[in-house]
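> Compute the structure for the input listed below.
(2 chains)
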Amino acid sequence: DTGVSQNPRHKITKRGQNVTFRCDPISEHNRLYWYRQTLGQGPEFLTYFQNEAQLEKSRLLSDRFSAERPKGSFSTLEIQRTEQGDSAMYLCASSLSGGAGETQYFGPGTRLLVL
Amino acid sequence: SQQGEEDPQALSIQEGENATMNCSYKTSINNLQWYRQNSGRGLVHLILIRSNEREKHSGRLRVTLDTSKKSSSLLITASRAADTASYFCATDENAGGTSYGKLTFGQGTILTVHP
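Below is the predicted model:
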């Protein structure tokens, strides 16, 4: 069990650029979640996959955000035309449905800074 | 949006003392989870308590849940400097009996344990 990994760990970009983050969940986990966390706040839900199907998206996820999970394994989160307000920590978590109470295991996060 | 409210927002204690953090939430839940986050890092799962449970222990941690008051508390006994972190409660809301595992986090309690 290598845990949830995320890449890159840090990303600095200029306003208007596109960025893509990757999440590799724990291998047997079928559920994958993306959250966003700003300074001094708790994480906020963005979207959720069960296997390759994206089953729920938050209103926080504007049209500039898109997430995929091809083949039900790793996931990518893309932000197009970044804005300064997108600066945050983006956290990925995975879990096994039907497991012991849906414990979610989080990755280390990708910290995004939009200049 | 944030579901839970943690109290206090910040707590400063001496090593060896006990630390108690409280969490209130608004909706019906399937379970409530507590996470720890060290500065700028990912979240570490501490303990999960189901809606039909009232108390749970794990090592130096004790969690209580009162669904009638929609509140939970986390007690850390015999605190150590290494317990210094932010602590978040997160609820898995009961949306008509279907649980997708989406978590709604509070704003967290910052705990500082002085050696």
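
> wait, residue A:61 sits on residue A:45?
No - here residue A:61 does not reach residue A:45: they are 9.3 Å apart, not a contact under CB atoms under 8 Å. (Each C-beta comes from the backbone N, C-alpha and C, glycine too.)

> Tell me which of the two has more neighbours.
Per other CB atoms under 10 Å in any protein chain shown, whichever of residue A:61 and residue A:45 has more neighbours is residue A:45, with 22 against 19.

> ok, what's across the strand from residue B:13?
residue B:113 (DSSP bridges).

> isn't it right next to residue B:109, touching?
No - using CB under 8 Å, residue B:13 is not in contact with residue B:109; the gap is 11.7 Å.

> Chain A contacts on chain B?
B:1-2, B:4, B:30-31, B:33, B:35, B:40-45, B:48, B:50, B:88, B:90, B:92, B:99-108 (CB under 8 Å from any CB of the partner chain).

> So which of the residues you listed are in strands?
Secondary structure defined by DSSP state E assigns B:30-31, B:33, B:35, B:43-45, B:48, B:50, B:88, B:90, B:92, B:103-105 of the residues of chain B next to chain A to strands.

> which pair in these spans the largest distance?
Using CB to CB, the two most remote members of those are B:30 and B:44, lying 21.1 Å apart.

> So which of these two has more stuff around it?
residue B:30 (19 against 13).

> so where's the chain shaky on pLDDT?
I'll assume chain A. A:1, A:98-101 (pLDDT under 70).

> my bad, the chain I had in mind was chain B
B:1-4, B:40, B:97-99.

> how does it look with 90?
B:1-7, B:27-30, B:39-42, B:92-102 (pLDDT under 90).
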